[in-house]
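Novice: what's the 3D shape of this:
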Amino acid sequence: MKKYILMALILMLGLMAWAQVNGELTTYDLKKVLKVWGSHYERGYAQGYLLANEIMEVWQDYYWVWVCYSDSAYYTSLINYYYNHFLMDARMQDEALGIYMGMQASGQNTFLTALNRDLHMEDILLMNSVVDMVSLRETRDGHEELRLGCASLSSWGSATAQDPFLEGGAVITRFLDWTPNSALISHPLLVVHFPSEADEIAWANFTFPGFIGAITGISSQGNFASLNMGNDHYASNPQFLSPILFDLRRALEFYDADGNSIQNPLDIFTTISNGSHLSGTIIHTLGKVVGEDYSRVIETNYSGTLQRAYDQYGNLPLMNLAATNHFRTGGTSVCCSRYANIQDSLFTNPHISAKRQWSVLSGAAGMDDNLSAVQYNQVTGSLLWANATLSSPAWSEPAFTIQLSDLFLSPVSNQDDVQNPIPVRISIYPNPLAVNMPLKVKSETPITGYAMYNLRGQKLLSGHVPYKQDIALEINVRMPAGVYLLRVETKAGATTRKVLIIGS
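Specialist: Predicted coordinates:
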């Protein structure tokens, strides 16, 4: 009898722990689809808990070995550069902290032998800056070049008018060409976010475990954006940088970046324009503006951000817009062989169907290192998703079909509760804070607890607020000078703020 009681207790505790994970993981033909909901911390926790092993594998086999040469001194230099030159995004820090905490809770071994410590929050953030840091990466004998390519083609209007299914509607196909690392190939991932933050909307990201910035994304409003590497990385004394994957995510996840009360591709351009970017990147967008199909290519680096339409600098027939890995907006256009191949294909026949667009891009720009291929058909609301195998590029593999309407079906009982809670608003003072001074926290809703972490995600201080649930709190902080993260739990939810402690 005791045996059965013990088993029931273990099962009950397991179910209780599972109920606290705001994630739903499904596998379709070796492709993982993860739906996460709640705050950034809760969504990160769910990813860390449900994908702990995959995150470790991607970080170690791809980022540590391929990107950083398994060199701890070089890795430390990248971390220092990140903290000295990049702005810290509180929401991304919160999510990365959640990933760390979720991985720890899962029981996954996160110890990094080469660094003699566990995988931390900062390691997740640094991996998400791989696109930004490519211009800083050292070239070493005996190591393969880091590949971050990509190509994309959007077509609409006169280009698709003759197709009986599109009838002038829009379609876009994008190929993600990255280093053909076995960890990336083995773990294709689609993450669908259902934010609880009042200023964010649901969005989906075709990505890899541990990458929380947007690589190939689409919002629940039907705005599509994908990132290509650019060719112009010039930056003189760069400061106040923003990781491009995080900016692209904000462009899709924030409800209204440009203040016109609606999300459309113009919000993407506004968000990218507001950031400073170390490496040159090219972002291909598709959506609707005032009910009309709208597609642009956004080119950005530290010098600024410009965008081009189908009839600007592209030299393609009809309403076709292509992007590879060279800037073309303004100045002298630079043409790569893949772009020239796309031109040749379209001048031979500029009329596009969804199937032909996939074929044109495959024939003109299909690379052996194509890890992911995604097509968004705006007319049918469908997404095609194909992934590479260890022997074949993604564009040559069968594609999995997902309907946009199905993708954004909420995994919880009441979607409104997920998407529109009361925002968590707190203030902290003073900040910066002198060593051994008390930190004062004030909230619009009762505070229930708090915790302070260092930038490695290690908890240094925590406490629960008495039953009276104050809206004002004084914390005795006795820690060395440095940057810390304060997580405050309230009746309305939780939020994280950065705290700077300086010498007395």
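Novice: buried set for stretch 401-409?
Specialist: Applying a neighbour-count criterion of 16 or more other CB atoms under 10 Å, one finds 402, 404, 407, 408 buried in stretch 401-409. Every C-beta, even on glycine, is put in place using the N, C-alpha and C of the backbone.
Novice: ditto for stretch 173-193
Specialist: By 16+ other CB under 10 Å, the buried positions in stretch 173-193 come out as 173-181, 183-193.
Novice: same thing with stretch 48-58?
Specialist: Using 16+ other CB under 10 Å as the test for burial, stretch 48-58 gives 48, 49, 50, 51, 52, 54, 55, 56, 57, 58.
Novice: export those to a markdown table and append columns for pLDDT.
Specialist: Compiled in a markdown table, the buried residues of stretch 48-58 are given as follows (pLDDT from 0 to 100):
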| residue | pLDDT |
| --- | --- |
| 48 | 97 |
| 49 | 97 |
| 50 | 97 |
| 51 | 98 |
| 52 | 97 |
| 54 | 98 |
| 55 | 98 |
| 56 | 98 |
| 57 | 98 |
| 58 | 98 |
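Novice: all helices for the stretch 151-300 of the chain, in order.
Specialist: For the stretch 151-300 of the chain, the helices defined by DSSP state H, counting those that start in this stretch cover 182-186, 244-253, 265-273.
Novice: I'd like those as JSON lines, with distance to residue 125 appended.
Specialist: Below are the helices of the stretch 151-300 of the chain laid out as JSON lines (distance: least, CB to CB, whole Å):
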{"stretch": "helix 182-186", "distance to residue 125": "19"}
{"stretch": "helix 244-253", "distance to residue 125": "9"}
{"stretch": "helix 265-273", "distance to residue 125": "19"}
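Novice: so of these, which one's packed in deepest?
Specialist: Among the helices of the stretch 151-300 of the chain, helix 244-253 has the highest mean neighbour count (mean count of other CB atoms under 10 Å), at a mean of 26.
Novice: report the angle between it and helix 265-273.
Specialist: 150 degrees (axes from the mean of the first three to the mean of the last three CA atoms, to 10 degrees).
Novice: I figured residue 486 hits residue 495, correct?
Specialist: No - using CB atoms under 8 Å, residue 486 makes no contact with residue 495, being 9.2 Å away.
Novice: show me the contacts for residue 111.
Specialist: For residue 111, the contact set (CB atoms under 8 Å, 6 or more residues apart in numbering) comprises 117, 118, 119.
Novice: quick check, pLDDT for it.
Specialist: Looking at residue 111, its pLDDT stands at 93.
Novice: which one of the buried residues of stretch 401-409 is nearest to residue 294?
Specialist: Comparing the buried residues of stretch 401-409 against residue 294 with CB to CB places residue 404 closest, at 17.1 Å.
Novice: next, give phi and psi for the nearest residue to the closest one once chain neighbours are set aside.
Specialist: Excluding the flanking residues, the one nearest residue 404 by CB to CB, 6 or more residues apart in numbering is residue 381, at 4.4 Å. Dihedral angles phi and psi of residue 381 (degrees, to the nearest 10) take the values phi 70, psi 30.
Novice: and residue 381, what is it in contact with?
Specialist: Contact analysis of residue 381 by CB under 8 Å, 6+ apart lists 222, 403, 404, 405.
Novice: so which pair among those residues is furthest apart in space?
Specialist: Applying CB to CB across these, the maximum distance is between 222 and 403, 12.1 Å.
Novice: now do the strands in the stretch 251-400 of the chain.
Specialist: Ranges of strands in the stretch 251-400 of the chain, per DSSP state E, counting those that start in this stretch, are 281-289, 292-301, 304-308, 320-323, 370-377, 382-387, 400-403.
Novice: now those as a markdown table including mean pLDDT and distance to residue 346?
Specialist: Below are the strands of the stretch 251-400 of the chain laid out as a markdown table (pLDDT from 0 to 100; distance: least, CB to CB, whole Å):
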| stretch | mean pLDDT | distance to residue 346 |
| --- | --- | --- |
| strand 281-289 | 96 | 16 |
| strand 292-301 | 96 | 15 |
| strand 304-308 | 94 | 16 |
| strand 320-323 | 97 | 5 |
| strand 370-377 | 98 | 17 |
| strand 382-387 | 97 | 20 |
| strand 400-403 | 93 | 25 |
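Novice: of these, which is nearest residue 249?
Specialist: Set against residue 249 and scored by CB to CB, the strands of the stretch 251-400 of the chain come closest in strand 281-289, at 11.8 Å.
Novice: how far off strand 304-308 does the closest one point, in degrees?
Specialist: Counting by the same axes, to 10 degrees, strand 281-289 lies at 50 degrees to strand 304-308.
Novice: which residue comes closest to residue 61 once chain neighbours are left out?
Specialist: That would be residue 183: by CB to CB, 6+ apart, it lies 3.8 Å from residue 61.
Novice: of the buried residues of stretch 173-193, which belong to strands?
Specialist: Among those, the residues falling in strands (DSSP state E) are 173, 174, 175, 176, 177, 189, 190, 191, 192, 193.
Novice: export those residues to TSV and tack on distance to residue 433?
Specialist: Converted to TSV, those look like this (distance: CB to CB, whole Å):
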residue	distance to residue 433
173	51
174	45
175	48
176	43
177	46
189	39
190	41
191	35
192	38
193	33
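Novice: point out where this protein drops to low pLDDT.
Specialist: Residue ranges of the chain with pLDDT under 70: 1-19, 141-143, 330-335, 412-424, 455-457, 466-471, 504.
Novice: domain map for it?
Specialist: Domain assignment for the chain by automatic domain parsing gives 151-186+217-234+256-418, 422-502.
Novice: tell me the most buried of those domains?
Specialist: domain 151-186+217-234+256-418 (a mean of 20).
Novice: ok, the residue nearest to residue 309 when sequence neighbours are not counted - contacts?
Specialist: Leaving aside its chain neighbours, residue 309 sits nearest to residue 296 (6.0 Å; criterion: CB to CB, 6+ apart). Applying CB under 8 Å, 6+ apart to residue 296 gives the contacts 265, 269, 284, 285, 307, 308, 309, 321.
Novice: so how far is residue 39 from residue 296?
Specialist: 32 Å (CB to CB, to the nearest Å).
Novice: ok, now residue 380?
Specialist: 33 Å.
Novice: any chance of the strands of the stretch 251-400 of the chain in TSV, with distance to residue 66 too?
Specialist: Shown next, in TSV, are the strands of the stretch 251-400 of the chain (distance: least, CB to CB, whole Å):
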stretch	distance to residue 66
strand 281-289	20
strand 292-301	24
strand 304-308	29
strand 320-323	25
strand 370-377	13
strand 382-387	18
strand 400-403	26
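Novice: quick one, which of those is nearest to residue 462?
Specialist: Closest to residue 462 of these is strand 281-289 (CB to CB; 39.1 Å).
Novice: by contact count, what packs against the closest one?
Specialist: Packing partners of strand 281-289 (3 or more CB pairs under 8 Å, 6 or more residues apart in numbering; DSSP states H and E): strand 151-155, strand 171-177, strand 224-229, helix 265-273, strand 292-301, strand 320-323.
Novice: chain center to that strand, what's the gap?
Specialist: 16 Å (CA atoms, centre = their mean, to the nearest Å).
Novice: quick one, it and strand 292-301 angle?
Specialist: Relative orientation of strand 281-289 and strand 292-301, computed by the same axes, to 10 degrees: 160 degrees.
Novice: quick one: the helices in the stretch 1-150 of the chain, in order.
Specialist: Under DSSP H, counting those that start in this stretch, the stretch 1-150 of the chain gives helices at 2-19, 40-50, 52-57, 72-85, 90-106, 121-127.
Novice: what's the closest of those helices to residue 300?
Specialist: Closest to residue 300 of these, according to CB to CB: helix 72-85, at 16.6 Å.
Novice: contacting residues around that closest one?
Specialist: 64, 68, 114-115, 122, 125-126, 129, 133, 136, 138, 238-241, 278, 455, 483.
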